[in-house]
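> generate a structure from the sequence data that follows.
(one chain, ligands or ions: 1)
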Amino acid sequence: MRRAVCPGSFDPVTNGHVDVISRAATLYDELVVAVLVNPGKAGLFTVEERMELLREAVTDLPNVTVDSFSGLLVDYCRAREIPVIVKGLRAVSDFEYELQMAQMNRELAAIETLFVPTAPQVGHLSSSLVKQIATFGGDVSRLVPKAVNDRLAEHARRSQK
Ligand code: PNS
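Residues are numbered from 1 along each chain as shown. All right, here's what the predicted structure looks like:
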């Protein structure tokens with residue numbers, strides 16, 4: 001059984017994440033999408049909301065499950081016997097930090113990282129930009145799954161009151 005984890009903050013999931021997840025899902029028997037629980041950084045969405053939005057986004061992918069983790073990613077991988085981390089690469093600017101993390105994770109626990117280059121049509125997407133645009137009433141409907149778009153619109157309406 002080939003297993004991999006696709007970790008991230010996913011605050012919220014974008015079409016860029018869905019692109020990487022759905023392509024990685026074709027390469028492994030089981031892919032776990034793992035949301036980082038970061039007590040030091042409050043996001044726009046709670047970890048539970050992020051997981052719920054991710055679950056909706058991957059309903060068509062039967063071998064993908066959604067989970068959360070705290071602490072070191074390698075500890076999560078070891079505990080679940082997951083030997084591979086999958087990360088999306090949007091641009092060369094992503095590479096430097098991602099390479100450093102991949103080398104560190106390999107040194108810490110012999111866990112390999114597989115980089116998936118994002119499709120060019122989603123290479124400019126980031127959760128932070130999407131949040132910024134949505135907060136100011138911009139249209140992000142083409143950039144995120146529908147459920148995420150609806151939630152962002154709800155947040156924007158509430159913050160305007
Ligand atoms: O979506 P993000 O914020 O780019 O995801 C980053 C993430 C969650 C993959 C990374 O911060 C991470 O692995 N955090 C867990 C803590 C950890 O293992 N740190 C050491 C990395 S070498």
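
> which residues touch Pro117?
Contacts for Pro117 (C-beta atoms under 8 Å, 6 or more residues apart in numbering) come out as 88-89. C-beta coordinates here come from the backbone N, C-alpha and C atoms, glycine included.

> hmm, 7 Å instead?
Leu89 (C-beta atoms under 7 Å, 6 or more residues apart in numbering).

> what does it show for phi and psi?
Backbone geometry at Pro117, expressed as degrees, to the nearest 10, gives phi -70, psi 130.

> what's the pLDDT at it?
The score at Pro117 is 97. That number is its pLDDT.

> separation between it and Gly137?
32 Å (C-beta to C-beta, to the nearest Å).

> next one: Leu89
Remark: distance between Leu89 and Gly137 (C-beta to C-beta) = 31 Å.

> compare the two (neighbour count), which wins?
Leu89 (16 against 10; other C-beta atoms under 10 Å).

> now do the contacts for that one.
Contact analysis of Leu89 by C-beta under 7 Å, 6+ apart lists 95, 98, 115, 117-118.

> buried subset of those?
98, 118 (16 or more other C-beta atoms under 10 Å).

> so Tyr97 sits in a strand?
No: per DSSP: H, G, I helix; E, B strand; the rest coil, Tyr97 lies outside any strand segment and is helix.

> so Asp67, which of the three states?
Classification of Asp67 by three-state DSSP places it in strand.

> what's the burial count for the residue of the chain found nearest the ligand?
Taking C-beta to the nearest ligand atom, the ligand has its nearest neighbour within the chain at Gly8, 3.3 Å off. By other C-beta under 10 Å, 19 other residues sit near Gly8.

> contact partners for it?
17, 36.

> would you agree Ser127 is in contact with Asn15?
No: the pair Ser127 / Asn15 is not scored as a contact, 11.1 Å apart, by C-beta atoms under 7 Å.

> just to revisit the earlier point, could you check the pLDDT of the residue of the chain closest to the ligand?
Looking at Gly8, its pLDDT is 98.

> same check on Leu53?
pLDDT at Leu53 comes out at 98.

> got a list of what it touches?
Going by C-beta under 7 Å, 6+ apart, the list of residues near Leu53 reads 12-13, 147-148, 151.

> okay then, goodbye and thanks.
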